[in-house]
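[1] below: sequence and its predicted model.
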Amino acid sequence: MNIRMSRISSTTLIFAALLGLAALLVQCSDHPVGTAPAPIVQEHSPPAVIASTPTPIVPGNALAASNETFIRVVQAARPAVVNIVSVATSSGRSSPAHPFFNDPFFRRFFGDEFGRQFQPPERRQQGIGSGVIVSSNGYILTNNHVIDQADEIRVVFGDKREFQGTLIGTDPKTDLAIIKIDATDLPSLPWGDSDQLQVGEMVLAVGNPFGLNQTVTMGIISAVGRANVGIVDYEDFIQTDAAINPGNSGGALVNLSGQLIGINTAIFSRSGGYMGIGFAIPSRMAKAVMTSLIEHGEVIRGWLGVSIQDLNPTLAKQFDAPDTKGVLVGDIIENSPAEEATIQRGDIIRQYRGGTVNDAVHLRSLVAETSPGTSVPLIILRDGESQTVVVKIGTLPQDLTALSPTQGTQGTRALSGITVNPVPHGRTRGDVGVIVQDVKQGSSAQRAGLRRGDILLEINRGRISGVRAFKKVAGSLDPRKPVLVLLRRGNTTIFLTISPE
């Protein structure tokens, strides 16, 4: 899949016309337009034709009303979308100057400038993108990749006014950046609630594709909560089919109330241009990042302190969950907010702050956008029972990474495809466990996703303290039932279900 950042280095009338045509056909299904209805004949009365004048059909009324709505939204949105011109200076490519140019004797007679004449001139590279004015006093939201490595930022309005932009802050993890210009009483877009978006809802994209100022395109919300696209670290994209092209990056996605619901960021394309799939950062995320950058100069993210994974039908059954909604807690970080809130390994977090948790990526984004110190209610499922816990969100630490083979012991039954050893010195933690030395090709363990180097911590919710405990538990397994294992892989703790051989 080719995901392109839409930076450079109408269908509205057709849709409305179709609506008007449909209305016209419905109203005219009994009587052709411009003709009187069929004669009414009354029995035992002289033949007579009672003609009546048909009610005028004006399909243009609905079309005009719809058209007027779009026009009002566009007239409000366009002035708040600007062109962002980023200029970066780079030196030209050349072969190194001859060493004798740097010889002190040579420089004494010819001077320092002589050697520099052989150096290539610097090149100024210009990129074009879009930005959205989000406050009347000059704050502009755009994409980080629009201004990345820029030495100069210029903001150009639709009326040709131009301002020098000052970079307030960037967040590469969401691909957002804040620019400030020295101006007041600027047109700005009000924030919309991206959490209330519905698939099928009509939207407008406003930007500067290919440098064409304040271009407006129309489409619908194709999907919400798109993640694992591979663009940035924190993904919760709005997907739309409104045409987005290179230069649209940083532009506005607005609803029919004229509210900003997203920042257009990237497109899926095999050609480099529009193919009907565009991605926008939701306004909820954009507003949180913007506020943090303005107030703190950096993005301060919330932290829960859990290792989580998505649920599948097999895991849901193992943990007595009615469905696959929510995320499964694999581990709790010591002294974390989750530990203080008594969240346990094996809990299923189903709701966060009153909203449904879709998957692990979704919960990660929700927590990151929560201000540290906020008390948040969670609805969890523990041993098949629903309960509420309240957790006080912490601050995400800057670094969370501070964490010759011998003949091993083979497992039996569902674990017959693996060989384990004691955990080597230096990799042990309080939970100990055993390390997987080998996984047999084609075994159930391999198909389940077990890898060499994984550290097994639990089998069927029972702690494994070492090789002896592993042998005892593995030998007592029911050969007809799947096995639930908890393992640590790097700094991540996850559950796997291994079917019997």
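    Structure received.
[2] low-confidence ranges, the stretch 51-200 of the chain, go.
    Residues of the stretch 51-200 of the chain meeting the criterion pLDDT under 70: 51-60, 90-122.
[3] check the chain too.
    Using pLDDT under 70, the flagged stretches of the chain are 1-60, 90-122, 271-273, 399-414, 425-431, 501.
[4] list the contacts for residue 283?
    Applying C-beta atoms under 8 Å, 6 or more residues apart in numbering, we find residue 283 in contact with 191, 192, 193, 194, 259, 260, 261, 262, 263. (C-beta placed from N, C-alpha, C; glycine too.)
[5] please repeat the previous calculation with a cut-off of 6 Å.
    The contact partners of residue 283, taken as C-beta atoms under 6 Å, 6 or more residues apart in numbering, are 191, 192, 194, 260, 261, 262.
[6] can you give me the neighbour number for the closest residue to it other than its chain neighbours?
    Of all residues not flanking residue 283 in the chain, residue 194 sits nearest, at 4.4 Å (C-beta to C-beta, 6 or more residues apart in numbering). Residues within reach of residue 194, counting by other C-beta atoms under 10 Å, total 24.
[7] so residue 194 touches residue 282, yeah?
    Yes - using C-beta atoms under 6 Å, residue 194 is in contact with residue 282, at 3.5 Å.
[8] circling back: which among the contacts of residue 283 count as buried?
    Among those, those classed as buried by 16 or more other C-beta atoms under 10 Å are 192, 194, 260, 261, 262.
[9] which one of the residues you listed is nearest residue 375?
    Closest approach between these and residue 375, by C-beta to C-beta: residue 194, at 23.7 Å.
[10] tell me, what residue is most central in this structure?
    When C-alpha atoms, centre = their mean is applied to the chain, the residue found nearest the centroid is residue 235 (2.1 Å).
[11] in contact with that residue: list those residues for me.
    Contacts here follow C-beta under 6 Å, 6+ apart; on that basis residue 235 touches 227, 229.
[12] what of residue 374?
    By C-beta under 6 Å, 6+ apart, the contact set of residue 374 is residue 393.
[13] what does residue 282 give?
    Taking C-beta under 6 Å, 6+ apart, we find residue 282 in contact with 194, 236, 238, 262.
[14] so the nearest residue to residue 223 once chain neighbours are set aside is in which element?
    Leaving aside its sequence neighbours, residue 223 sits nearest to residue 239 (C-beta to C-beta, 6+ apart; 4.1 Å). Per DSSP states H and E: residue 239 is located in strand 237-240.
[15] and residue 328, by the same measure?
    Counting by DSSP H and E, residue 328 is part of strand 327-332.
[16] alpha carbons only: can I get that strand in CSV?
    The C-alpha trace of strand 327-332 is given here as CSV (Å, rounded to 0.1, in the frame of the first residue of the first chain):
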residue,chain,number,x,y,z
VAL,A,327,-8.6,-4.6,25.0
LEU,A,328,-6.9,-7.3,27.1
VAL,A,329,-4.3,-6.2,29.8
GLY,A,330,-1.2,-8.3,29.5
ASP,A,331,1.0,-6.6,32.1
ILE,A,332,1.1,-3.7,34.6
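[17] quick one: contacts of it?
    Under C-beta under 6 Å, 6+ apart, the answer for strand 327-332 is 306-309, 311, 338-339, 345, 347-349, 357, 360, 363, 493-495.
[18] now which of those would you call buried?
    Taking 16+ other C-beta under 10 Å as the criterion, what is buried in the contacts of strand 327-332 is 306-309, 311, 338, 345, 347-349, 357, 360, 363, 493-495.
[19] got the buried residues for stretch 292-311?
    The neighbour-count check on stretch 292-311 (16+ other C-beta under 10 Å) flags 292-293, 299-311 as buried.
[20] just stretch 151-162 next, same as before
    If you call a residue buried by 16+ other C-beta under 10 Å, then stretch 151-162 has these buried ones: 153, 154, 155, 156, 157.
[21] where's residue 450 relative to residue 360, distance?
    Relative to residue 360, residue 450 is positioned 20 Å away (C-beta to C-beta, to the nearest Å).
[22] out of the buried residues of stretch 292-311, what pair is the most spread apart?
    Pairwise distances across the buried residues of stretch 292-311 peak at 34.3 Å for 293 and 311 (criterion: C-beta to C-beta).
[23] can you list the domains in the protein?
    The chain resolves into domains spanning 1-19+59-92+123-299, 302-395, 409-498 when parsed by automatic domain parsing.
[24] what distance separates the shortest one from the middle of the whole chain?
    The chain centroid and the centroid of domain 409-498 are separated by 34 Å, computed with C-alpha atoms, centre = their mean, to the nearest Å.
[25] next one: the longest one
    From the chain centre to the centre of domain 1-19+59-92+123-299 is a distance of 15 Å (C-alpha atoms, centre = their mean).
[26] for the protein, just list every one of the helices.
    In the chain, the helices defined using DSSP state H lie at 11-27, 60-77, 104-110, 112-116, 144-147, 283-296, 313-318, 337-340, 360-368, 444-448, 467-475.
[27] which residues touch residue 125?
    Contacts for residue 125 were tallied using C-beta under 6 Å, 6+ apart; they are residue 88.
[28] which strand residues bridge it?
    When assigned by DSSP bridges, residue 125 has beta-bridge partners residue 88.
[29] for the nearest residue to residue 329 once chain neighbours are set aside, give me phi and psi.
    Spatial nearest neighbour of residue 329, excluding adjacent residues (C-beta to C-beta, 6+ apart): residue 347 at 4.5 Å. Per-residue torsions, residue 347: phi -70, psi 150 (degrees, to the nearest 10).
[30] check residue 324 too.
    Residue 324 has phi and psi values of phi -100, psi 20 when expressed as degrees, to the nearest 10.
[31] if I look at the closest residue to it other than its chain neighbours, how far off is residue 76?
    Spatial nearest neighbour of residue 324, chain neighbours left out: residue 311 (4.3 Å); criterion: C-beta to C-beta, 6+ apart. Separation of residue 311 from residue 76 (C-beta to C-beta): 43 Å.
[32] same deal with residue 142?
    Computed as C-beta to C-beta, the residue 142 to residue 76 distance reads 20 Å.
[33] of those two, who's got more company?
    More crowded of residue 142 and residue 76, by other C-beta under 10 Å: residue 142, with 30 against 16.
[34] now do the same contact list for that one.
    Residues near residue 142 by C-beta under 6 Å, 6+ apart: 84, 131, 177, 250.
[35] do that again at 8 Å, thanks
    So residue 142 contacts 84, 129, 130, 131, 132, 176, 177, 178, 179, 249, 250, 263 (C-beta under 8 Å, 6+ apart).
[36] who is it paired with across the strands?
    Beta-bridge partners recorded for residue 142 (DSSP bridges): residue 177.
[37] try residue 382
    As for beta bridges, residue 382 partners with residue 385 under DSSP bridges.
[38] isn't it right up against residue 347?
    Yes - counting by C-beta atoms under 8 Å, residue 382 touches residue 347, with 5.2 Å between them.
[39] ok, and for stretch 480-494, which residues are buried?
    Buried residues in stretch 480-494, counted by 16+ other C-beta under 10 Å: 482, 483, 484, 485, 486, 487, 488, 489, 493, 494.
[40] how far away is the fourth one from residue 360?
    Between residue 485 and residue 360 the computed distance is 19 Å (C-beta to C-beta).
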